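>>> Model the structure of this input:
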Amino acid sequence: MQQSSRNRPVGHLPAEIRASEERFRVAYDNALIGIVVVDLEGRFSHANQTFCRITGYTEKELVQVEFGAITHPDDREEGLELLRALIAGELSNGVLTKRYIRKDRSEERRVGKECRSR
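Sure thing, here's the model as predicted:
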């Protein structure tokens, strides 16, 4: 029988992966901080409910825009530079202070946004 790197039969991995995926989903969905996934073009692909509350947008609305569209103008360049460095492989992660423009056009500040590449 083929073994995984942790000395477990490979046939058991799908259940472990499903359990890990479920733990991640619960943490993501119930996080007290806003969490988003952004693609390489800077478009939102996923957003948790906390991020939706922060910005006033639904996830369905967010996936229609790029992050720059709801980023405060003074914070856009720094965010784009971080995205470029992540894509180029110059960084594997980064942290920045970022303000968002809410759907109602008011400003929301969140500190310590962490960005990671895959």
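>>> which residues touch the nearest residue to Gly42 once chain neighbours are set aside?
The shortest distance from Gly42 to any non-neighbouring residue, by CB to CB, 6 or more residues apart in numbering, is to Glu66 (4.3 Å). (Each C-beta comes from the backbone N, C-alpha and C, glycine too.) For Glu66, the contacting residues are Glu41, Gly42, Arg43, Phe44, by CB atoms under 8 Å, 6 or more residues apart in numbering.
>>> Out of those, who's the most crowded?
Phe44 (22 neighbours; other CB atoms under 10 Å).
>>> Check Ser5 and give its pLDDT.
Ser5 carries a pLDDT score of 46 in this model.
>>> Let me know the closest of the contacts of Glu66 to Asp74.
Ranked by distance to Asp74 (CB to CB), these are led by Gly42 at 17.1 Å.
>>> distance of that closest one from Gly34?
17 Å (CB to CB, to the nearest Å).
>>> for Asp74, same thing?
19 Å.
>>> ditto for Tyr57
11 Å.
>>> so what sits against both of these two?
Ala47.
>>> Can you check what pLDDT the model gives the residue nearest to Val63 when sequence neighbours are not counted?
If the residues on either side of it in the chain are set aside, Val63 comes closest to Phe44, at 5.3 Å by CB to CB, 6+ apart. For Phe44, the pLDDT comes out at 92.
>>> so who does Phe44 touch?
Val36, Val37, Val38, Glu59, Leu62, Val63, Val65, Glu66, Phe67 are the contacts of Phe44 under CB under 8 Å, 6+ apart.
>>> Ok, Gly42 next?
Glu66, Phe67, Gly68, Leu80, Leu83.
>>> Wait, the third one touches Glu77, no?
No - no contact is recorded between Gly68 and Glu77 when judged using CB atoms under 8 Å, the distance being 9.5 Å.
>>> The helix or strand encompassing Phe24: which residues count as buried?
For Phe24, the element it lies in under DSSP states H and E is helix 13-30. By neighbour count with 16 or more other CB atoms under 10 Å, helix 13-30 contains no buried residues.
>>> partners of the next helix-or-strand element following that helix in the sheet?
Once helix 13-30 ends, the next helix or strand along the chain (criterion: DSSP H and E) is strand 36-38. Paired with strand 36-38 in the same sheet, following DSSP bridges, are strand 44-47 (antiparallel).
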